[in-house]
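> Sequence and predicted model, in that order:
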Amino acid sequence: MTAVELSGVCWGPKGQADILSDISFAVPQGQIMAICGANGAGKSSLLRLIYRHQAPRKGTVRLMGKDIWLMGAPEAARHLAAVLQEQPTDFALTARQIVALGRLPHRKGWGAGLFASGDEDAAIIAAAIQRMDLTGMADRAFGTLSGGERQRVMVARALAQQPRVIVLDEPTNHLDIRHQLELLALLKGLGLTVIATLHDLTLAAEFATRVLILREGRILADGTPGQALTEATLADAFHVKARIDRTGPTPRFSFHL
Ligand SMILES: Nc1ncnc2c1ncn2[C@@H]1O[C@H](COP(=O)(O)OP(=O)(O)OP(=O)(O)O)[C@@H](O)[C@H]1O
């Protein structure tokens, strides 16, 4: 089954020209897709369409086969969780309380006590906290955590949401190399559909089963890492001279102007 499907999607800010044009692709369940491209290519804008933050100007976005704009926000959130660059402004909440917010779309009544969760919710929240290695800091205020710890809290919140699809905007930002590798390995092991923007092409090549490269709001390449990450497409996408050494177990990228 197709988890996420965009057909003929265009988007631009109100009263302005399109920033994303003619975007079509289908992501089967379980696929790990990296979205790469230069600054301003439209990666975050594309993610905002996928996680139902903004509606396409033309075309449709489908989640588990259904037009995402024919779903309410809670229904979409039961299928899809987003981990974004912008973090919650309520820094006084503890890490555990933020992770607990992931359970909200599953509540019967939205007003039914924000943090008054049942045993099952508490177990799901505890498992997400443990999985993201946050046990020792779960009861600290979010505002007192480091950038990388906060990022892990946001991923734990997404896991607590128990989605089928997880969308991440630059998830490795703020993470040290060990936590980058751990996070990507964990995401890969979840068995979920994962769509992530990544600036680091080496990580994209290792982590993703599919790479979509955007250039000026259009799809420049879409395929396996080997198909999409070529010297020609990278030169085109990033306006640099790219060399790829494929002699080792993983490709090594080098760039110059
Ligand atoms: N709401 C908006 N109003 C005006 N311009 C916007 C809006 N959202 C995005 N843009 C513009 O659209 C283009 C694409 O932005 P987007 O954030 O999607 O790029 P990106 O590929 O994620 O870039 P980066 O790698 O720098 O994060 C940029 O030129 C940006 O300034």
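Arrived safely.
> what's the span of stretch 234-250 from first residue to last?
In terms of Cα to Cα, to the nearest Å, the two terminal residues of stretch 234-250 are separated by 17 Å.
> Tell me where this structure has helices.
Using DSSP state H, the helices of the chain run over residues 43-50, 73-79, 95-100, 119-131, 147-160, 177-189, 201-207, 225-228, 231-238.
> Which one, of these, ends up nearest to the ligand?
Distances from the ligand to each of the helices of the chain were compared using Cβ to the nearest ligand atom; the minimum, 3.3 Å, belongs to helix 43-50. Quick note: C-beta positions are derived from backbone N, CA and C, even for glycine.
> Flag every buried residue along the closest one.
When burial is assessed from 16 or more other Cβ atoms under 10 Å, helix 43-50 yields the following buried residues: 43, 45-50.
> restrict those residues to contacts with the ligand.
Within the set of the buried residues of helix 43-50, contact with the ligand (Cβ under 6 Å from any ligand atom) is found for 43, 45.
> Serialize the buried residues of helix 43-50 to a markdown table and add fields for pLDDT.
As requested, those are arranged in a markdown table below (pLDDT from 0 to 100):
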| residue | pLDDT |
| --- | --- |
| 43 | 98 |
| 45 | 97 |
| 46 | 98 |
| 47 | 98 |
| 48 | 97 |
| 49 | 98 |
| 50 | 98 |
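> In CSV, list the buried residues of helix 43-50 along with distance to residue 120.
Putting these into CSV (distance: Cβ to Cβ, whole Å) gives the following:
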residue, distance to residue 120
43, 36
45, 37
46, 35
47, 30
48, 31
49, 33
50, 28
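> of the buried residues of helix 43-50, closest to residue 153?
The closest of these to residue 153 turns out to be residue 47 (Cβ to Cβ; 19.5 Å).
> Name all residues that make contact with that closest one.
Under the criterion of Cβ atoms under 8 Å, 6 or more residues apart in numbering, the contact partners of residue 47 comprise 35, 82, 167, 169, 195, 197.
> out of these, who's nearest the ligand?
In terms of Cβ to the nearest ligand atom, no member of these lies closer to the ligand than residue 197, at 6.4 Å.
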